[in-house]
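In: coordinates only, sequence not included:
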DNA sequence: ATAACATTGCTACAGATGTAACACGCTCGC
DNA sequence: GCGAGCGTGTTACATCTGTAGCAATGTTAT
């Protein structure tokens, strides 16, 4: 996960986390409208994300279906770490409770996030 | 402050916040080495930031000196807002106390940040 | 004066990101 | 069998960001 997801990529990851593996068309139906992306744009993003390893592409009966490679907690914790280091020069972990209100996180997600944020050097492998 | 500062730009802003108005050479002496930037690179960043309005350029006896346009709290609060919205779909404010440990923030800075984070739509004008 | 050095403006180029069109082949309904 | 539609690969282009060199001008010490 060397390359942090861009805002557009995050939007797609959220759809995949929430709805599970999706085809390009499905992703487009879920966010294309909201994001005002053309189907082509959605497909380009999906392709690039697959190249980067952010998502995995698999063919189901010939149809390309995409799955998030990393768990929500994993990606979010990495992003929080990057953010706090880059913006606040913070090394110590941030309390996950700060994000407790996120509509993205269930109690379990939050607990997982908390755990990842408290890990020393983020070398954890869990997906 | 429409455009959020990039990581490199943040590095420069931090120098200006901490040491006050600086010339390109001074900025370079403060972070060029650490960031491994050539003097040219530092200057390019400074020029672009001035174009964007992130910093102001003024001539002091013919020497170009740069000053941060927005206060630390102002920029940091904007970045926190953007981050929590983009990454966590959060609308409600995040407790500034999450960043209390930041070596960048004095007690006053923290209080100011807290205030800005709690403002409704971030239309505040204070600099 | 002049050589050395600093400061500035201009230019360059690669990679990342946003945004999208185009053409080709396959399939399904008629 | 054939055209409409769908999924796919390929290509394109503008902007932003990272990174930096070059030439000209201004300044300064000897």
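Out: Received the coordinates, thanks. Small disclaimer: the values here were computed from a predicted structure and weren't measured.
In: could you identify the helix or strand that succeeds the host helix or strand of residue A:82?
Out: In this assignment (DSSP states H and E), residue A:82 forms part of helix A:72-88. The element immediately downstream of helix A:72-88 (helix or strand, assigned by DSSP H and E) is helix A:107-118.
In: how does chain A divide into domains?
Out: A:7-68, A:72-118 (automatic domain parsing).
In: go through the ones you listed and name the closest to DNA strand D.
Out: Of all the domains of chain A, it is domain A:7-68 that lies closest to DNA strand D, at 2.9 Å by C-beta to the nearest atom of the strand. Placement of C-beta: from N, CA and C, glycine included.
In: neighbouring contacts of stretch A:31-44?
Out: A:8, A:11, A:12, A:15, A:24, A:25, A:27, A:28, A:45 (C-beta atoms under 8 Å, 6 or more residues apart in numbering or on different chains).
In: mean confidence for that stretch?
Out: Mean per-residue pLDDT for stretch A:31-44: 91.
In: mind checking the end-to-end distance for it?
Out: Using C-alpha to C-alpha, to the nearest Å, the end-to-end distance of stretch A:31-44 comes out at 14 Å.
In: does the helix holding residue A:82 reach chain B?
Out: Yes - counting by C-beta under 8 Å from any C-beta of the partner chain, chain B has neighbours in helix A:72-88: A:76, A:79, A:80, A:83, A:84, A:86, A:87, A:88.
In: once you drop chain neighbours, what's closest to the fourth one?
Out: Going back to what we said before, that points to residue A:83. residue B:83 (5.4 Å; C-beta to C-beta, 6 or more residues apart in numbering or on different chains).
In: before we move on, what about residue A:30?
Out: residue A:15 is the one closest to residue A:30 (C-beta to C-beta, 6+ apart), at 4.8 Å.
In: close to DNA strand D: what parts of chain A are there?
Out: A:23, A:24, A:25, A:40, A:43, A:44, A:47, A:59, A:62, A:63, A:64 (C-beta under 7 Å from any atom of the strand).
In: who wins on neighbours among these?
Out: residue A:24 (21 neighbours; other C-beta atoms under 10 Å in any protein chain shown).
In: now for the residue nearest to residue A:83: which residues touch it?
Out: Contacts of residue B:83 (C-beta under 8 Å, 6+ apart): A:79, A:83, A:87.
In: to the chain's geometric centre, what's the distance from the lowest-mean-pLDDT helix or strand in chain A?
Out: One helix or strand of chain A scores below all others by mean pLDDT, DSSP states H and E: helix A:33-35, with a mean of 84. How far helix A:33-35 lies from its chain's middle: 18 Å, per C-alpha atoms, centre = their mean, to the nearest Å.
In: next SSE after that helix?
Out: By DSSP H and E, the next helix or strand past helix A:33-35 is helix A:39-52.
In: and that next one, does that touch DNA strand C?
Out: Yes - using C-beta under 7 Å from any atom of the strand, helix A:39-52 reaches DNA strand C at A:40, A:41, A:43, A:44, A:45, A:52.
In: please, which helix or strand holds residue A:67?
Out: Per DSSP H and E: strand A:63-68 holds residue A:67.
In: many thanks, have a good one.
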